[in-house]
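K.L.:
need a structure here:
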Amino acid sequence: MGDTTIFSRPSTKPSLKKAAPWARPFLWLDAHLEQVIILVAYSGMAGIIFVEVIRRFFFGLQAPWSTSIPVLLFLWLTWFGASLNVKKRTHLSLNEIRMKLPRGGQFACLILDAVLWIGFGMMVIYFTTTQVELAYNNYAIVPGTDNVMQWWFYLATPLAWILIIYRVLQNLYADWLTYRRGESFNLQPSIMD
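P.N.:
Residues are numbered from 1 along each chain as shown. Predicted coordinates:
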């Protein structure tokens with residue numbers, strides 16, 4: 001069957017330099033969207049917490065929203081982090097069992113994974129969109145603010161799950177191509193890629 005590590009086959013991702021000029025921003029966004037959102041959310045959380053701890057201990061001041069906004073930014077960090085893990089295939093899975101299966105069984109498990117991800121994702125999108133609509137229709141503001149709307153933060157969950165489903169479909173397409181070529185599946189991905 002061959003080696004199943006990521007180092008055994010060349011990357012099939014399109015190169016930015018070889019892409020048409022109009023496609024380069026889309027390819028860059030496809031490759032880095034989750035990392036950018038995670039970086040912005042994490043930096044915002046850390047910055048707010050750091051500044052407010054200094055203000056509280058040294059000056060006896062604290063912005064009333066400083067305990068609300070970081071928690072809501074965590075939604076963006078968490079769900080887009082989940083999307084990144086789906087993209088890199090570093091989410092929790094039962095790969096030890098899959099690796100013992102024949103190639104057809106491995107492919108069937110990968111299809112089952114995709115179906116389950118998509119089914120669960122559709123439910124999450126449906127119910128969290130309802131939550132976003134509820135916050136929007138009730139003009140729910142973030143505690144401690146006058147005009148920062150809660151739905152801006154709650155929108156992270158359905159948007160991230162749309163991206164998760166997109167990543168699942170990308171992975172399924174890559175698996176289908178791998179299966180058609182007769183190559184072995186990458187069942188031991190690395191988080192460091």
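
K.L.:
gap between the residue most central in space within the chain and residue 39?
P.N.:
With distances taken as CA atoms, centre = their mean, residue 83 lies nearest the centre of the chain, 1.7 Å away. Remark: distance between residue 83 and residue 39 (CB to CB, to the nearest Å) = 14 Å. C-beta: built from backbone N, CA, C; applies to glycine.

K.L.:
and if you look at residue 23?
P.N.:
When residue 23 is compared with residue 39 (using CB to CB), they lie 24 Å apart.

K.L.:
quick one on the thing from earlier: next, the buried residues of whichever strand or helix holds the residue nearest to the centre of the chain.
P.N.:
For residue 83, the host element (DSSP states H and E) is helix 69-88. Residues of helix 69-88 classed as buried: 69-70, 72-77, 79-88 (neighbour count, 16 or more other CB atoms under 10 Å).

K.L.:
report the mean confidence score over it.
P.N.:
Mean pLDDT, helix 69-88: 96.

K.L.:
off-centre distance for that helix?
P.N.:
Mean-position distance between helix 69-88 and its chain equals 6 Å (CA atoms, centre = their mean, to the nearest Å).

K.L.:
equivalent analysis for stretch 134-146, please.
P.N.:
Using CA atoms, centre = their mean, the offset of stretch 134-146 from its chain centre is 25 Å.
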